[in-house]
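Novice: Any chance you can model this:
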Amino acid sequence: MSSCPPVIWWIRRDLRLHDNPALKAALEHGGPVLPVYILDPQEEALGAAPKFRLGRGLEHFQQVLEELGSRLILRRGAAAAVLEKLCEETGAKMVVWSRLYDPEAIARDSEAKQLLKAQGIDAKSFGGRLLFEPWTVETKAGGMFKVYTPFWKSVRSRDVADLLPAPSSLPAPKAWPRSEALADWALDAGMSRGGDVVARFCHVGETAALNRLSDFLEQRVDAYKERRDFPAEDATSGLSENLAWGEISAHRTWHQARAAMQRGGQGAETFLKELVWREFAYHLLYHSPHILTRSWRDEWGQFPWRKEDRNNWAAWQRGQTGYDFVDAAMRELYVTGRMHNRARMIVASFLTKHLMIHWKCGMDWFAQTLVDWDPASNAMGWQWVAGCGPDASPFFRIFNPDGQLQKFDAKGVYTSRWIAEGQSAPPEEALAFFDAVPRSWNLTPDMARATPVISLQHGRERALAAYQNMRNAG
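Specialist: All right, here's what the predicted structure looks like:
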């Protein structure tokens, strides 16, 4: 047994053993390692689906640590105070963690670091969530990138940190500090009856993530560029859920995809670009955190978003707009906790342009319903589609959901999978929607199909007129 004092490994969105610089530092310290997860006010504020998925991830990671002869210590409260108390209880002289980049997390971590150092505790944060720390990527003029393509060109040839092996064991203390029970946190409470439905579609844990990556690169990457926009096909990696919770590192994903590209994988470079799109989102979040709360482009503060359109808002939430692509996507979201990327663009465009409902309403709904919710990607994605973000899709680019359906689901395979009404024998996934939604919505599979809430032409013309009026007024 080492005579060194224990080190606290403060776990957040890094539920993995491979490629974890904070864990590596904890092991190099030489003493017992105390894995700790803190349910602080920021985690308490998570939406229903992210909090549910967090609970699943923690439950799985508990088992992983126990197999290494360790355990996960759970505590609830303000992070800085909890860490200070744990150091007093255990005699720990060092605390390590992986960085997060949203403004609230930065403020929390800075407070914790300041408090611990004042008590003589060595507090260190490490990278690991991103390929590149946001402050290390700059334009030639020394500022932030505001457009994706130059960002991609700047980083595509940069060295990415080497991969780190997973430890075969973690040194344990003579006595473990008290831990709260995960069940007492009731992280699944917000899901109500929908939790059992969504759970069937979750792929939890590091092993599942590593297998998904290998399977994608071996079986589907060649067709990725051509087929990734077809929502009925299993053409993508499906790793967004695991990347969101740090069950696989961006570093490993990058290195293995690069190796596939060098072997001739035709879609691997496109996949790498998507990984860097996630990187770009964090670059923007770090340098302009207001992307979370208001339009990134100031002039869009004057756009006449419709915030009180309750009927159309409810129809969109419930997959009852009368447009098959939109409704199928919204039901996929409610059943699986995820949504195909092409479908995300369609539902976001329909909400912000045809219905002219504020993009932040949609962003907040996704924050409630996505198990792969990520603050940076969610904010940038919504602002990109709405036209008010950096490097945004032009506002006059309004996706026609019927035209998109004809292009990407011409045989109706995707819509049939998720929309039960009108089918004599609906598939299990379509019926699962009615098991997942609140009973108060009064939805049943034998009801009539919803009629369109708005004419596509009228919605498009109204949105373009509002956009032109905003430009003229500016």
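
Novice: rest of the way, CA atoms for contacts and neighbours
Specialist: Fine.

Novice: now the helices: where do they sit in the stretch 201-350 of the chain?
Specialist: 206-219, 224-227, 240-244, 250-262, 268-287, 310-317, 324-336, 341-349 (DSSP state H, counting those that start in this stretch).

Novice: Can you verify my assumption that residue 286 contacts residue 100?
Specialist: No - assessed by Cα atoms under 8 Å, residue 286 is found out of contact with residue 100, at 9.7 Å.

Novice: now the strands for the stretch 51-200 of the chain?
Specialist: For the stretch 51-200 of the chain, the strands defined by DSSP state E, counting those that start in this stretch cover 73-76, 94-98, 122-126.

Novice: what angle separates the second one from strand 122-126?
Specialist: Think strand 94-98. Strand 94-98 and strand 122-126 meet at an angle of 10 degrees, taking axes from the mean of the first three to the mean of the last three Cα atoms, to 10 degrees as the criterion.

Novice: Can you tell me the strand partners of strand 94-98 and which way each runs?
Specialist: Take DSSP bridges as the rule and strand 94-98 pairs in its sheet with strand 7-11 (parallel), strand 122-126 (parallel).

Novice: For the first one, give the mean pLDDT please.
Specialist: What it means is strand 7-11. On average, the pLDDT along strand 7-11 is 98.

Novice: and the next element down the chain from that strand?
Specialist: Next along the chain after strand 7-11, taking DSSP states H and E as the criterion, comes helix 21-29.

Novice: Contacts for that next one, please.
Specialist: 7-9, 17, 33, 96-98, 125-128, 164, 170 (Cα atoms under 8 Å, 6 or more residues apart in numbering).

Novice: Check the model's average confidence along that helix for me.
Specialist: Mean predicted confidence for helix 21-29 is 97.

Novice: Tell me the helix or strand right after that helix.
Specialist: With DSSP H and E, the next secondary element past helix 21-29 is strand 33-39.

Novice: Which parts of this protein belong to which domain?
Specialist: 1-127, 130-162+194-287, 298-469 (automatic domain parsing).

Novice: measure residue 427 to residue 433 for me?
Specialist: As judged by Cα to Cα, to the nearest Å, residue 427 and residue 433 stand 11 Å apart.

Novice: Which one of the two is surrounded by more residues?
Specialist: residue 433 (28 against 14; other Cα atoms under 10 Å).

Novice: Just the CA trace of the helix or strand hosting the more buried one, in CSV.
Specialist: Assigned by DSSP H and E, residue 433 belongs to helix 428-436. Output in CSV follows, covering the C-alpha atoms of helix 428-436 (Å, rounded to 0.1, in the frame of the first residue of the first chain):
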residue,chain,number,x,y,z
GLU,A,428,-42.9,-1.4,-33.0
GLU,A,429,-40.9,1.9,-33.1
ALA,A,430,-44.0,3.8,-34.4
LEU,A,431,-46.1,2.4,-31.6
ALA,A,432,-43.5,3.0,-29.0
PHE,A,433,-44.0,6.8,-29.5
PHE,A,434,-47.4,6.5,-27.9
ASP,A,435,-46.0,4.6,-24.9
ALA,A,436,-43.4,7.3,-24.4
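
Novice: which residues touch it?
Specialist: The contact list for helix 428-436, computed with Cα under 8 Å, 6+ apart, reads 193-195, 197-198, 331-332, 334-335, 416-420, 443-445.

Novice: again with stretch 241-260
Specialist: Contacts of stretch 241-260 (Cα under 8 Å, 6+ apart): 13-16, 18-19, 54, 57, 128-131, 160-163, 203-206, 209-210, 213, 217, 268-269, 271-272, 275, 371-374.

Novice: Can you give the distance from stretch 115-127 to the centre of its chain?
Specialist: Relative to its chain's centre, stretch 115-127 lies at 28 Å (Cα atoms, centre = their mean, to the nearest Å).

Novice: Equivalent analysis for stretch 460-467, please.
Specialist: 31 Å.

Novice: mind listing what residue 78 touches?
Specialist: So residue 78 contacts 40, 41 (Cα under 8 Å, 6+ apart).

Novice: What is the burial count for residue 156?
Specialist: 13.

Novice: Residue 125 now?
Specialist: By other Cα under 10 Å, neighbour count at residue 125 equals 18.

Novice: Low-confidence regions, the stretch 1-150 of the chain specifically.
Specialist: 1-2 (pLDDT under 70).

Novice: Export stretch 267-287 to CSV, keeping only CA atoms.
Specialist: C-alpha atoms of stretch 267-287 as CSV (Å, rounded to 0.1, in the frame of the first residue of the first chain):
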residue,chain,number,x,y,z
GLY,A,267,-15.9,8.5,-46.6
ALA,A,268,-13.3,8.9,-43.8
GLU,A,269,-12.3,12.4,-44.6
THR,A,270,-16.0,13.5,-44.6
PHE,A,271,-16.3,11.8,-41.2
LEU,A,272,-13.3,13.7,-39.9
LYS,A,273,-14.8,16.9,-41.0
GLU,A,274,-17.9,16.2,-39.0
LEU,A,275,-15.7,15.5,-36.0
VAL,A,276,-14.0,18.9,-36.5
TRP,A,277,-17.5,20.5,-36.9
ARG,A,278,-18.0,19.5,-33.2
GLU,A,279,-14.6,21.1,-32.5
PHE,A,280,-15.6,24.3,-34.2
ALA,A,281,-18.7,24.4,-32.1
TYR,A,282,-16.6,24.4,-28.9
HIS,A,283,-14.2,27.0,-30.4
LEU,A,284,-17.2,29.3,-30.9
LEU,A,285,-18.7,28.5,-27.4
TYR,A,286,-15.4,29.3,-25.7
HIS,A,287,-14.7,32.6,-27.6
